[in-house]
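A.B. asks: 3D, please:
(chains A, B and C)
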Amino acid sequence: MFDKEIGKQLKAIYRALYRAYGPQHWWPGDTPFEVMVGAVLTQNTAWANVEKAMTNLKRERLLTPSRMFNTDPEKLASLIRPCGYFNIKTKRLRHLLSFIHILYSGSLTRMFSTDPGLLRQQLLEVNGIGPETSDAILLYAGEKPFFVVDTYTRRIFSRQGLISSDADYHALQGLFMDNLPSDARFYNEYHALIVRVGKEHCKKTRPLCSACPIRCERGPVSVLPIGSSREKTI
DNA sequence: GACCAGGCACATC
DNA sequence: GATGTGCATGGT
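C.D. replies: Next up is the predicted model:
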């Protein structure tokens, strides 16, 4: 539900992250299809390992829907091996590819011309595409305004006291989408910044992060202005 | 050697 | 509906 104060806090956190890190230029990928493949391969996996798999796929020139769809599954699995879960991810990629071919004749342009809410429902019906992967595809491949929620988002914003640590995906997504303007470029940058600060400061078992620009251990939205030692609450 | 990383589906209770 | 488990490689 819309809450002006929560909106202000979310914007203050965004500003603090952007001041600290600047633009993140997400998603790392040259084409919408590459972004979609990356979204599946990164499931519960460090991005560095996904890059190794993507390098293999590029070398074999398989980063188009039709070429990947026509590739022997065993070959595909061997190429994506470095990113882990390679058997299950091969199946998930093939489910996604079947979906694209059957419903959209293999055309991502056609796919992303569909009503975004409907497309989201369709993607969620694809086996292996859950809410985060679906929203990552919509936002980063399709430039549709869906906020992407991941483990860092839950960890950081529950530590900030803005949401319960056991809130479900849609409650977390609503925190952002109900209280911030619906803007794909803004959501893009915000999520990328969350991952950036998450990787650097918000480890699973880390309660101490004094250098973190949003300093979750201090509670809700207390940020330091750049170049000042004086604390300012926004 | 343990722990973790930009999830998801499925089994079981 | 809530909780537990399998999937797997590579970096720290």
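A.B. asks: Mind telling me which residue of chain A is nearest DNA strand B?
C.D. replies: Scanning chain A for proximity to DNA strand B using C-beta to the nearest atom of the strand identifies residue A:130 as nearest, at 2.2 Å. (Glycine included, C-beta is placed from N, CA and C.)
A.B. asks: burial of that residue, as a residue count?
C.D. replies: The tally of other residues near residue A:130 (other C-beta atoms under 10 Å) stands at 14.
A.B. asks: So it is in contact with residue A:124, correct?
C.D. replies: Yes - counting by C-beta atoms under 8 Å, residue A:124 is a contact partner of residue A:130 at 7.3 Å.
A.B. asks: residues near residue A:188, how many?
C.D. replies: By other C-beta under 10 Å, neighbour count at residue A:188 equals 21.
A.B. asks: Could you check how far residue A:37 is from DNA strand C?
C.D. replies: If you measure residue A:37 against DNA strand C using C-beta to the nearest atom of the strand, to the nearest Å, the figure is 16 Å.
A.B. asks: What residues sit buried inside stretch A:30-47?
C.D. replies: Residues of stretch A:30-47 classed as buried: A:32-43, A:45 (neighbour count, 16 or more other C-beta atoms under 10 Å).
A.B. asks: Would you mind listing what in chain A touches DNA strand C?
C.D. replies: A:44-46, A:48-49, A:52, A:81-89, A:166 (C-beta under 7 Å from any atom of the strand).
A.B. asks: Residue A:63 in helix, strand or coil?
C.D. replies: Three-state assignment for residue A:63 (DSSP: H, G, I helix; E, B strand; the rest coil): coil.
A.B. asks: In contact with it, which residues are there?
C.D. replies: The contact partners of residue A:63, taken as C-beta atoms under 8 Å, 6 or more residues apart in numbering, are A:31, A:33, A:34, A:37, A:54, A:57.
A.B. asks: Residue A:28 - nearest residue in space that isn't next to it in sequence?
C.D. replies: Leaving out its chain neighbours, the residue that sits closest to residue A:28 by C-beta to C-beta, 6 or more residues apart in numbering is residue A:38, at 7.2 Å.
A.B. asks: what about that neighbour, distance to residue A:55?
C.D. replies: 12 Å (C-beta to C-beta, to the nearest Å).
A.B. asks: if we can go back for a sec, among the residues of chain A next to DNA strand C, which ones are in strands?
C.D. replies: Residues of those located in strands (DSSP state E): none.
A.B. asks: and the residues you listed, which are buried?
C.D. replies: Among these, the ones that count as buried by 16+ other C-beta under 10 Å are A:45, A:49, A:81, A:82, A:83, A:84, A:85, A:86, A:89.
A.B. asks: pLDDT score for the first one?
C.D. replies: The score at residue A:45 is 98. That number is its pLDDT.
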